[in-house]
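Undergrad: sequence-free structure coming up:
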């Protein structure tokens, strides 16, 4: 069990705010950490890693990492950390990056095999693609067999097809090592696929905590479909109004009544939902 | 021409290079922890230390030379201490020149190193800490190998700058043959006694060597930054 109860004053983009999180995480759990940018997600991860100071306590399976008396150095905490920019050591080959953490050659060989990097083990990081660098970074983080694996938007810099592939690899490694994992992510499909629990931060406060389907699914009651999008334009066609809404990467047209059209403002976040119809999934 | 070269005294050149080599090594060892501290600290002392280290760039060499000479003399505790402990004065000695050069060339070592440390990806250093490596291990195995252009600039420029110094060495060292008469001082004396032939040869040698040194630094840095893609 990992018990976290931390407080820290932050100077966010919206001025002073207080990061205050109290949460217990079971061993082996895969937790996704979500929330708007500037809500304190990365800082939370950095505090867990010992890279930033905070008040409060962190206990990891009855080892004290942080309390009012002491704060364990990052070197002493048994963590793996996957940075958003991977942060590989450019002066070392793929293999050396892994062995730098621990001299466990058998583990390095195994990790490289699982992630299909064996052929690239002598290559330097700068000669690798983003996806390959990401995998090296994952392997490096696991070289210490960490108690806690922290990932700060590990897949955000990759294209969608590479994301899906690496999500499967993350899942495979998580199952094999059974490492408690906290991953910052904005991508609902990624969270749904990987995580067993979602924490949502807003302005430094924990505002939601539960299973991905309960938190991510936006439908309520008898709604069948519900999408959140941005209202781009409303135009009048004869007696009706047509709203153009961007949902994800797609634009849709929705008919709205004149009274609805008066309340809506271009640029607003809106929810498009429908009830009682049988969709076709092709 | 050959005849002139044969009769020419090369000891001042050797002294210059000996002085520059020793100064560079000492400064590298001193500056590494100092530059690391300056690159990582958020302390208010940072600005103060940076200002002190940069002083030799703006001070006239005569001011620096005067203070160093005074510190070496019997009028200062340091001078008295040296006289009592080693039975010799630092003023007008080769050892004194080394001490003076270390002060004079300090910013040329510290500033590129600090810049090199600051340009490193912070996440990369943190990844090393998380891997269980101490600060010292991180500096030696992660930081330094990834800032080769900064290392080269710092050492070469410090070396070249020490070879090229004149005012401070003249004041602190005087012009004792085989002891403190370095190349730049020798040229000054040749001009004074109107030995223009020797002055020409010495000056030309200095010019060519300095140019070659700088050219090689810039060529290396250009090549290196292309290869590694330093941001």
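TA: It's in. The structure presented is a predicted model; accordingly, all values stated were derived computationally and were not measured.

Undergrad: for the chain, which segments count as helices?
TA: Going with chain A. Taking DSSP state H as the test, the helices found in chain A are A:41-49, A:94-101, A:105-114, A:130-142, A:160-177, A:188-194, A:212-216, A:258-263.

Undergrad: chain B was what I was after
TA: Along chain B, the stretches classed as helices by DSSP H are B:2-7, B:11-40, B:45-58, B:61-72, B:77-86, B:94-119, B:122-130, B:135-138, B:148-163, B:167-173, B:183-192, B:196-228.

Undergrad: is the shortest one anywhere near chain A?
TA: No. Counting by CB under 8 Å from any CB of the partner chain, chain A has no neighbours in helix B:135-138; the shortest distance is 9.3 Å. The way it works is simple: take the backbone N, C-alpha and C, and place the C-beta from them, glycine included.

Undergrad: now do that helix: distance to the chain's middle.
TA: Averaging C-alpha positions (CA atoms, centre = their mean, to the nearest Å) puts helix B:135-138 25 Å from its chain's average.

Undergrad: quick check: closest non-adjacent residue to residue 74.
TA: Reading this off chain A. residue A:50 (4.0 Å; CB to CB, 6 or more residues apart in numbering or on different chains).

Undergrad: switch to chain B, please.
TA: For residue B:74, the spatially nearest residue (CB to CB, 6+ apart) is residue B:80, at 6.2 Å.

Undergrad: report how many residues lie close to the one you found.
TA: For residue B:80, the count of nearby residues is 12 (other CB atoms under 10 Å in any protein chain shown).

Undergrad: that one and chain A, how far apart?
TA: The spacing between residue B:80 and chain A, counted by CB to the nearest CB, to the nearest Å, is 45 Å.

Undergrad: quick one: that residue from residue B:94, how far?
TA: Between residue B:80 and residue B:94 the computed distance is 21 Å (CB to CB, to the nearest Å).

Undergrad: and residue A:22, by the same measure?
TA: The spacing between residue A:22 and residue B:94, counted by CB to CB, is 67 Å.

Undergrad: out of those two, which sits in the busier spot?
TA: residue B:94 (17 against 12).

Undergrad: hang on, isn't that one packed against residue B:178?
TA: No. Residue B:94 lies out of contact with residue B:178 (CB atoms under 8 Å); the separation is 9.2 Å.

Undergrad: overlap in contacts, those two.
TA: Residues touching both residue B:94 and residue B:178 by CB atoms under 8 Å, 6 or more residues apart in numbering or on different chains: residue B:15.

Undergrad: any residues of chain A in contact with chain B? List them.
TA: Within chain A, the positions adjacent to chain B are A:49, A:51, A:73-77, A:79-81, A:83-85, A:87-91, A:100-101, A:126, A:140, A:143-144 by CB under 8 Å from any CB.

Undergrad: sitting in strands, which of these do you find?
TA: Among the residues of chain A next to chain B, the members found in strands (DSSP state E) are A:79, A:80, A:81.

Undergrad: tell me the pLDDT at residue A:110?
TA: For residue A:110, the pLDDT comes out at 93.

Undergrad: and it, how many residues sit next to it?
TA: Neighbour number of residue A:110 under other CB under 10 Å is 15.

Undergrad: now the phi/psi pair for residue A:28, please.
TA: The phi/psi pair for residue A:28 (degrees, to the nearest 10) reads phi 80, psi 0.

Undergrad: that one - nearest residue in space that isn't next to it in sequence?
TA: When the adjacent residues along the chain are set aside, residue A:28 lies closest to residue A:178, with 4.8 Å between them (CB to CB, 6+ apart).

Undergrad: neighbours around the one you found, how many?
TA: Using other CB under 10 Å, residue A:178 is surrounded by 11 other residues.

Undergrad: give the phi and psi angles for it, as a check.
TA: Dihedral pair for residue A:178: phi 50, psi 40, per degrees, to the nearest 10.

Undergrad: surely it touches residue A:29?
TA: No. Using CB under 8 Å, residue A:178 is not in contact with residue A:29; the gap is 10.0 Å.

Undergrad: ok, and the closest non-adjacent residue to residue B:129?
TA: Spatial nearest neighbour of residue B:129, excluding adjacent residues (CB to CB, 6+ apart): residue A:74 at 4.5 Å.

Undergrad: next, count neighbours for that neighbour.
TA: Neighbour number of residue A:74 under other CB under 10 Å is 23.

Undergrad: cool, and residue A:260?
TA: Residue A:260 has 13 neighbouring residues, counting by other CB under 10 Å.

Undergrad: quick one on the thing from earlier: give the contact list for the residue nearest to residue B:129.
TA: Neighbour list for residue A:74: A:49, A:50, A:51, B:126, B:129, B:130 [criterion: CB under 8 Å, 6+ apart].

Undergrad: and the furthest pair within those?
TA: Farthest pair in the contacts of residue A:74 (CB to CB) is A:50 and B:126. Separation: 9.7 Å.

Undergrad: beta-bridge partners for residue A:24, please?
TA: Assessed by DSSP bridges, residue A:24 has beta-bridge partners residue A:3.

Undergrad: ok, it - contacts?
TA: A:1, A:2, A:3, A:4.

Undergrad: and the residues you listed as CSV, adding neighbour count and pLDDT?
TA: What follows is these, written out as CSV (neighbours: other CB atoms under 10 Å in any protein chain shown; pLDDT from 0 to 100):
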residue, neighbour count, pLDDT
A:1, 12, 89
A:2, 21, 91
A:3, 14, 93
A:4, 21, 93
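
Undergrad: what is the nearest of those to chain B?
TA: For the contacts of residue A:24, the residue nearest chain B by CB to the nearest CB is residue A:2; the value is 16.8 Å.

Undergrad: if I look at that closest one, how far off is residue A:72?
TA: From residue A:2 across to residue A:72, the span is 14 Å (CB to CB).

Undergrad: one step back: residue A:188 is nearest to which of the helices of chain B?
TA: Closest of the helices of chain B to residue A:188 is helix B:122-130, at 26.2 Å (criterion: CB to CB).

Undergrad: quick check: buried residues in the closest one?
TA: In terms of neighbour count (16 or more other CB atoms under 10 Å in any protein chain shown), helix B:122-130 has its buried residues at B:123, B:124, B:125, B:126, B:127, B:128, B:129, B:130.

Undergrad: wait, isn't residue A:191 in contact with residue A:197?
TA: No. In this structure, residue A:191 is not within contact of residue A:197 by CB under 8 Å, at 9.7 Å.

Undergrad: which neighbours do the two share?
TA: Jointly contacting residue A:191 and residue A:197 under the rule CB under 8 Å, 6+ apart are A:32, A:212.

Undergrad: please identify the residues of chain B in proximity to chain A?
TA: B:121, B:123-124, B:126-134, B:141-142, B:145-146, B:228-229.
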